[in-house]
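> quick one: sequence and predicted model below, then my questions.
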Amino acid sequence: MGTEMLHMTISLLTPRGGVWLGRKTAKIGAGLYNGLGGKVEPGENINRATVREIKEECGVIVQEHDVQPAAIVWIANEMMSGPPQYCRIYVSRICRWSGTPRDSREMVGFELFPQSNL
């Protein structure tokens, strides 16, 4: 590949019958609804990174044992200049947490959508 693989997380807060989504404020997908997540930092495991990113992006508290793995996705983001950025994305579902999603520097406008509307 010639470039480092980035490890990322993306999670959905899924109360019974719904899913919380917010709008990204920057980077890829700015202004669009998205789940919660980001880069896995050196020395972090996937669940720890998931818990940290969720707290940073919406303020809710998740315990590592409540992270439910759902999928692993490999992608190549085409960049405006330079080689593609290769990512391994760990997708998870969160059914239990403390707090209500609130706006942050990275995510705003949280809404609870019925799963039947998605």
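That came in fine, so what should we check first?
> what about the nearest residue to A49 once chain neighbours are set aside, how many neighbours?
In space, not counting the residues next to it along the chain, A49 is nearest to V40; the distance is 4.1 Å by C-beta to C-beta, 6 or more residues apart in numbering. C-beta: built from backbone N, CA, C; applies to glycine. Using other C-beta atoms under 10 Å, V40 is surrounded by 21 other residues.
> test my guess that V40 contacts M5.
No. Contact status for V40 versus M5: not in contact, 10.7 Å apart, counting by C-beta atoms under 8 Å.
> ok so, going back, quick one: contacts for the residue nearest to A49?
7-9, 46, 49, 90 (C-beta atoms under 8 Å, 6 or more residues apart in numbering).
> any low-confidence regions in the chain?
1-2 (pLDDT under 70).
> what ranges does it have for its helices?
46-58 (DSSP state H).
> where along this protein do the strands fall?
In the chain, the segments counted as strands under DSSP state E are 6-13, 18-24, 33-34, 67-77, 85-94, 107-114.
> mean neighbour count for the ones you listed - can I get that in TSV?
Putting these into TSV (neighbours: other C-beta atoms under 10 Å) gives the following:
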stretch	mean neighbour count
strand 6-13	20
strand 18-24	19
strand 33-34	17
strand 67-77	13
strand 85-94	17
strand 107-114	15
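> distance of Y33 relative to G17?
Separation of Y33 from G17 (C-beta to C-beta, to the nearest Å): 18 Å.
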